[in-house]
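Visitor: A predicted structure for the sequence below; I have some questions about it.
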Amino acid sequence: MKPTIYLFIFLVVFKIQAQTVNSEIITLTPNEEKEVLIPAFQNDTIQLTITPYKTKKAKKNTILFYEYPSKLLLKNEEVKTFEHSFTINNKGVYKLVLKNENSKPFDYAIKYVVNSTRKKKPQIGYEVKNDTTYGPEEEQLVDHKYLETETIQNEKYYLNSTSNALLKGGKNRIIVPLNLPSNTKEWYYAFSASREEKDINNTLSTFNLASQLTKFIKEDEDMQGAVSNLSPPPGANICDIYVINDTENAEFFKEKEEFKSSLDGSRENFKSGIVKVADNTKSYLGIRNPDNLYGIHIAIEIIAVVEKIEKVTKSIRTPIITSQKTPYLIE
């Protein structure tokens, strides 16, 4: 009865343990070394056998065994053959290194057997890691982008009252076309309205929107907050100003028909101020005097913020990206 029990126990143990067997021939040129990676779980055993292959004149060489990547567990120098068994304390990847220290090529027959304590065979996976270093500095021509202001308009106008426009043929509205430069990032307008022409003449002479914006650009300030920090011109009376993005609606506005305008930059009952417009497409400003009795003088300055590109010489260190495959034990 006992032999049957022992046989049963042996079969059960054999069934629940996985075994990996690997054999290969390695050719080493003079002074060359090669490595063999072996995965193992904790408490697995690794049996190593290394013998010269098809030669009777075996030479002495060096054999090393590591816990990956560099913890040396065994080193044998000037050996012809090697046979050893390891019990693994730490799960992971192990590395066998063979060095040919002879003046002629040499072949080794390598065999390893991993007897695992688990039901599955240990396997190696690879994780790719990138490492970036930089080469020496080199002078190169590169594109340098910078912002610059361009004055689009600096004018004054007179708009009749609504009644004069209706009865006497005057105009209480105008269309100002904006010829924005290419690469316009955004544009601004400063506006002032007054019934007194002398006030507008004085205001127009003090407009300095371009210089204010240029100061922000040179000091590398956040352009998003520029408007709140700019100095607006004075104003006494109101106008309506509309940003219109196409010719058709500009004509509708001019002919006093129903039209569509952009909320971005449009203002109604506006006396004075500075307005930022993010739209960089072809635009028009439609300006209307809503007053039924009084004409009004207006002054307007329009500035575009344009992105320019110039070639500059710059010292550049070229990045060198290397990839390395790191082995690991697949759980």
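Guide: Happy to help now that I have it. Residues are numbered from 1 along each chain as shown.

Visitor: which regions of this protein lie under the pLDDT threshold?
Guide: 1-17, 56-59, 165-169, 220-226 (pLDDT under 70).

Visitor: what's the burial count for Phe216?
Guide: Other residues lying near Phe216 total 18 when counted by other Cβ atoms under 10 Å. In short, each C-beta sits where N, CA and C put it, glycine included.

Visitor: let me know the secondary structure of it.
Guide: Secondary structure, DSSP: H, G, I helix; E, B strand; the rest coil: Phe216 is helix.

Visitor: all further residue positions should be reported with the first residue as 170.
Guide: Okay, residue one is now 170; in that scheme the one you just asked about reads as Phe385.

Visitor: and the gap between it and Tyr326?
Guide: 28 Å (Cβ to Cβ, to the nearest Å).

Visitor: kindly report the same for Phe422.
Guide: Applying Cβ to Cβ to Phe422 and Tyr326 gives a distance of 15 Å.

Visitor: please, which helix or strand holds Asn449?
Guide: Using DSSP states H and E, Asn449 falls within no helix or strand.

Visitor: and for it, the neighbour number?
Guide: 18.

Visitor: identify the residue nearest it in space, chain neighbours excluded?
Guide: Nearest residue to Asn449, sequence neighbours excluded (Cβ to Cβ, 6 or more residues apart in numbering): Thr353, at 4.4 Å.

Visitor: give me every residue that touches that neighbour.
Guide: 449, 473-476 (Cβ atoms under 8 Å, 6 or more residues apart in numbering).

Visitor: swap the cut-off to 7 Å and go again
Guide: 449, 473-475 (Cβ atoms under 7 Å, 6 or more residues apart in numbering).

Visitor: what are the bridge partners for it, then?
Guide: Note on Thr353: beta-bridge partners by DSSP bridges are Val475.

Visitor: do the one 4 residues further on as well
Guide: With beta bridges defined as DSSP bridges, Tyr357 has these partners: Lys445, Ile472.

Visitor: that one: how many residues sit nearby?
Guide: Neighbour tally, Tyr357, other Cβ under 10 Å: 24.

Visitor: tell me the contacts of it?
Guide: 378, 382, 443-445, 472.

Visitor: just Thr214 next, same as before
Guide: With Cβ under 7 Å, 6+ apart, Thr214 has these contacts: 254-256, 284.

Visitor: report the two of those residues separated the most.
Guide: Within the contacts of Thr214, Phe255 and Asn284 form the most distant pair, 10.9 Å apart (Cβ to Cβ).

Visitor: so which of Phe422 and Tyr326 has more stuff around it?
Guide: Phe422 (23 against 17).

Visitor: so the more buried one belongs to a helix, correct?
Guide: Yes - Phe422 forms part of a helix when assessed by three-state DSSP.

Visitor: is it in contact with Val412, as I believe?
Guide: No - counting by Cβ atoms under 7 Å, Phe422 does not reach Val412; the two are 10.9 Å apart.

Visitor: now list the buried members of the contacts of Thr214.
Guide: 255, 284 (16 or more other Cβ atoms under 10 Å).

Visitor: looking at the contacts of Thr214, which are in strands?
Guide: Secondary structure from DSSP state E places 254-256, 284 of the contacts of Thr214 in strands.

Visitor: next, format the residues you listed as CSV and append distance to Asn245.
Guide: Listed next are the ones in strands among the contacts of Thr214 as CSV, based on distance: Cβ to Cβ, whole Å:
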residue, distance to Asn245
Ser254, 14
Phe255, 13
Thr256, 18
Asn284, 22
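
Visitor: may I have the phi/psi pair for Ser441?
Guide: Torsion angles at Ser441 (phi, psi; degrees, to the nearest 10) stand at phi -170, psi 160.

Visitor: so how many other residues sit close to the residue nearest to it when sequence neighbours are not counted?
Guide: Nearest-residue entry for Ser441: Gly404, 2.6 Å, with adjacent residues in sequence omitted and distances by Cβ to Cβ, 6+ apart. For Gly404, the neighbour count with other Cβ under 10 Å is 20.

Visitor: noted, bye for now.
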